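**Student:** give the three-dimensional model of this entry:
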Amino acid sequence: MKVHQLSVFIENKTGRVSEVTDTLGAAGVNIRGFSVSDTAEYGILRLVVDRPEEGRAALKEQGFTVKDSEVICIKLEDSPGSLAKVLKVVSDAGVNIEYVYSLISTYVVINVGDANRALQLLDDQPVQLVSHEEIAGLE
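**Tutor:** Numbers count the residues shown, from 1 in each chain. Predicted coordinates:
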């Protein structure tokens, strides 16, 4: 069983990730998981969406370079070491793991250039900030 992933190649500049997510939202495509990797000049936004064909078409219509590929999605037990066990099976067999990211969560990590400023901007928005203790299940 494989899952379709859209990889969007974008310039590493302010607003580009937002443009991709706006385009998908306007097309009625729901993002189920994503990952962003970057270099100084460009980035790759990897997305798993509910309707990959429609998502790819909408992004291409807006001028984005998009690649559709098949990836594997697994459901893990919520226990220490469960990811390590699965990855070990694959890597011990000599299969290279190129990248890993998680899906279907409303908890999203955002790394920004100025965290204090971003927190001020989000203060009056309908978002709930999450503490490390909440993520760890301590609250």
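**Student:** in this structure, what residue spans correspond to helices?
**Tutor:** Across the chain, reading from the start of the chain, the helices by DSSP state H fall at 16-26, 52-61, 82-92, 115-122, 132-135.
**Student:** out of the ones you listed, which comes closest to residue 75?
**Tutor:** Go through the helices of the chain one by one with Cβ to Cβ and the one that ends up closest to residue 75 is helix 82-92, at 9.9 Å. In short, each C-beta sits where N, CA and C put it, glycine included.
**Student:** buried set for the closest one?
**Tutor:** Along helix 82-92, not one residue counts as buried under the neighbour rule (16 or more other Cβ atoms under 10 Å).
**Student:** use 634 as the first number for this chain going forward.
**Tutor:** OK, 634 is where the count begins now, so the last one is helix 715-725.
**Student:** got the CA positions of it in CSV?
**Tutor:** Taking C-alpha atoms only, helix 715-725 is exported to CSV below (Å, rounded to 0.1, in the frame of the first residue of the first chain):
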residue,chain,number,x,y,z
SER,A,715,8.1,2.2,18.1
LEU,A,716,9.5,4.3,15.3
ALA,A,717,13.0,3.1,15.9
LYS,A,718,11.8,-0.6,15.6
VAL,A,719,10.2,0.0,12.3
LEU,A,720,13.0,2.0,10.8
LYS,A,721,15.5,-0.6,12.0
VAL,A,722,13.7,-3.3,10.1
VAL,A,723,14.1,-1.3,6.9
SER,A,724,17.6,0.0,7.4
ASP,A,725,19.0,-3.4,8.6
